[in-house]
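**Student:** What would the 3D arrangement of this be:
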Amino acid sequence: MSKIEETVEIPHLGGSTVGYTLARPYDPALPTLVLINSYTTSAELYRPQFADPGLGSAANLLALEPYGHGRTRASYPHFTFWDSAIANLQALQALGIREAFVLGTSQGGWVAVRMALLAPDVVKGVIPLGTSMDFESPRSRDLGCWDGVAFNTPLVDALADPVGEDWVVPDEVVDAVFDTALGGVPAEERAFWLAAYRANYAGDAGRHRLRLSTVNLRDRDGLHGKLDEVRCPVLWLHGTADQVYSVANAREEIGMFAHSPEARLEIIEGGQHFLSASHPEEVDSAAIDFVKRWS
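**Tutor:** Residues are numbered from 1 along each chain as shown. Take a look at the predicted model:
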């Protein structure tokens, strides 16, 4: 059965269209696992999960694309990760889904935790992958995380001025994302993502979405002061080969979910930053166990 790739209208940010993908028609008898993609990717990041019959039989798989990504658009010209969390909650409501587990890769982890903070009655558990709960701080760099300010500022500056409608995202931007997040990808996969990025980040509107997404990554607020208010279980999966956020940082931050019924960190040997793409079997198996345990 083919995936359902649609959009849903919500009221946030002056009225928004949220892009979503369902593995198959929604089954109210199953729990729902929301999938939130990483920086500049789309629901297509989770192709391995949508192709996994075991995961698909354990839960409704619903990918929701944050502002600035995929098919999601807002009437207002600016947005933050908090806005994406609100939009996802409104999308769930519009789709008639009362509760869900939420899995998020990198920035998707920030959105997932924000959803849990905003709507503890809706979010039954979160599964952050390859993420950090901090802002791009000196503390995180001391623990072996990347320098997100240095990495992102040149692109923020390069995208400052309006462009013509024939503009598309430069190939080197896409290559930098996947070199950092996956250690590079095979030629066929690179061609897939180059086409996807060119389709989404095109013209001046595409430039602006890409710039805002990069500003949000670089300048986001940290969550350390709020993590003890998360009341749902947390399963944090982190790879040893993650070039962006370190295992040492994850070990420290998992302890900040002080009032979760369970907050557990699982280390995946050789796992990359885009962990669901580099190690789908391990991620899918852990997600199945987590959803079954807490449903």
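
**Student:** how about Ile127, secondary structure?
**Tutor:** State at Ile127, reduced to three classes by DSSP: H, G, I helix; E, B strand; the rest coil: strand.

**Student:** Give me the pLDDT value at the residue lying closest to Phe79 once chain neighbours are set aside.
**Tutor:** Leaving aside its sequence neighbours, Phe79 sits nearest to Tyr67 (CB to CB, 6 or more residues apart in numbering; 3.9 Å). Glycine gets a C-beta too; all of them are placed from N, C-alpha and C. pLDDT recorded at Tyr67 is 98.

**Student:** next one: Leu35
**Tutor:** With respect to pLDDT, Leu35 scores 98.

**Student:** how close does it sit to Glu44?
**Tutor:** 11 Å (CB to CB, to the nearest Å).

**Student:** can you check His224 too?
**Tutor:** For His224, the distance to Glu44 (CB to CB) stands at 32 Å.

**Student:** re earlier: the residue nearest to Phe79 reaches Asp83, doesn't it?
**Tutor:** Yes. The criterion here is CB atoms under 8 Å, and Tyr67 meets it with Asp83 at 5.7 Å.

**Student:** More neighbours: which of those two?
**Tutor:** Tyr67 (26 against 21; other CB atoms under 10 Å).

**Student:** Validate this expectation: the more buried one resides in a strand.
**Tutor:** No. Tyr67: not assigned to a strand; according to three-state DSSP it is coil.

**Student:** Report the contact partners of it.
**Tutor:** Under the criterion of CB atoms under 8 Å, 6 or more residues apart in numbering, the neighbours of Tyr67 are 13, 16, 74, 79, 83-84, 87, 212.

**Student:** Make a PyMOL selection of whichever of those turn out to be buried.
**Tutor:** Buried residues among these (16 or more other CB atoms under 10 Å), as a PyMOL selection:
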select buried, resi 13+16+74+79+83+84+87+212
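
**Student:** Which one of Leu35 and Glu44 is surrounded by more residues?
**Tutor:** Neighbours were counted for Leu35 and for Glu44 using other CB under 10 Å; Leu35 has more, 28 against 16.

**Student:** and the nearest residue to that one once chain neighbours are set aside, how many residues sit next to it?
**Tutor:** Nearest non-adjacent residue to Leu35, counting by CB to CB, 6+ apart: Ala63, 4.2 Å away. Neighbours of Ala63 under the rule other CB under 10 Å: 27.

**Student:** Does anything pack onto the helix or strand harbouring Ala63? Which helices or strands?
**Tutor:** Assigned by DSSP states H and E, Ala63 falls within strand 60-64. For strand 60-64, the packing partners by 3 or more CB pairs under 8 Å, 6 or more residues apart in numbering; DSSP states H and E come out as strand 16-22, strand 32-36, helix 47-50, helix 81-94.

**Student:** what's in contact with stretch 188-202?
**Tutor:** Contact with stretch 188-202 is made by 40-42, 44, 69-70, 165, 167-169, 171, 173-175, 178, 185, 206-207, 209-210, as judged by CB under 8 Å, 6+ apart.

**Student:** And for stretch 209-217?
**Tutor:** With CB under 8 Å, 6+ apart, stretch 209-217 has contacts from 39-40, 67-69, 78-81, 107, 148, 152, 155-156, 159-160, 169, 173, 200-201.
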